[in-house]
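S.K.: let's see this in three dimensions:
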Amino acid sequence: MKHIKTLIFNQFKTLFILGIVMMSSALLLMVRMKLTHSFFYLFLVWNLFLAALPFAITSYLSSIPKLGKFRLVFWFCVWLLFLPNAPYIITDLLHLKISESHWLWLDILVVSGFALCGMLCFYWSVLEMKRILKPFLKAIVLN
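M.R.: A predicted model of the protein is given here:
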């Protein structure tokens, strides 16, 4: 519980911005589903979940006070496995080709909102992993 409290206090601004963008994207998706009576873009929620996993991993790692080398290597491999999902959401803009013309503006907002969330998760995750790896890489270089 102490790790979660530390994590929230240390990354409050980042978590707040990411939460607002995610909730706005989800709200836009719900409005689209209500207006069009279609669940077509519901896959964006799963893609965003996969995009948020690397960010969650780095947030977890940054909250651990003493991180061992083996634990770091394991979580780095898992992080690297899920990292490509974050910028992948941009490719969902291709689905706009089959959108109905009178709902195109809403579809652009929905997909762009989710793509923005994915890119924010990607960016903040890479920055945090760089910060986590820096002490370990300095120790390797110095030895």
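
S.K.: which sections of this protein are below the confidence cut-off?
M.R.: Scanning the chain for pLDDT under 70 picks out 1-3, 141-143.

S.K.: show me where it has helices.
M.R.: Assigned by DSSP state H, the chain shows helices spanning 2-10, 12-36, 43-63, 69-82, 85-88, 104-142.

S.K.: let me see the contact set for residue 69.
M.R.: By CB atoms under 8 Å, 6 or more residues apart in numbering, residue 69 lies in contact with residue 136. (Glycine included, C-beta is placed from N, CA and C.)

S.K.: still on that earlier bit, quick one, which of the helices of the chain is nearest to residue 95?
M.R.: helix 104-142 (6.8 Å; CB to CB).

S.K.: for the closest one, buried residues please.
M.R.: Of all the residues in helix 104-142, those buried under the rule 16 or more other CB atoms under 10 Å are 106-107, 109-118, 120-122, 124-126, 128-129, 132.

S.K.: reformat the helices of the chain as CSV; add distance to residue 98.
M.R.: Below are these laid out as CSV (distance: least, CB to CB, whole Å):
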stretch, distance to residue 98
helix 2-10, 40
helix 12-36, 13
helix 43-63, 13
helix 69-82, 28
helix 85-88, 19
helix 104-142, 9
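
S.K.: who wins for proximity to residue 94 among these?
M.R.: Among those, the nearest to residue 94 by CB to CB is helix 104-142 (9.3 Å).

S.K.: thought residue 82 was touching residue 50?
M.R.: Yes: with contacts counted by CB atoms under 8 Å, residue 82 reaches residue 50, the gap being 6.4 Å.

S.K.: surely residue 22 meets residue 120?
M.R.: No: counting by CB under 8 Å, residue 22 stays clear of residue 120, with 9.1 Å between them.
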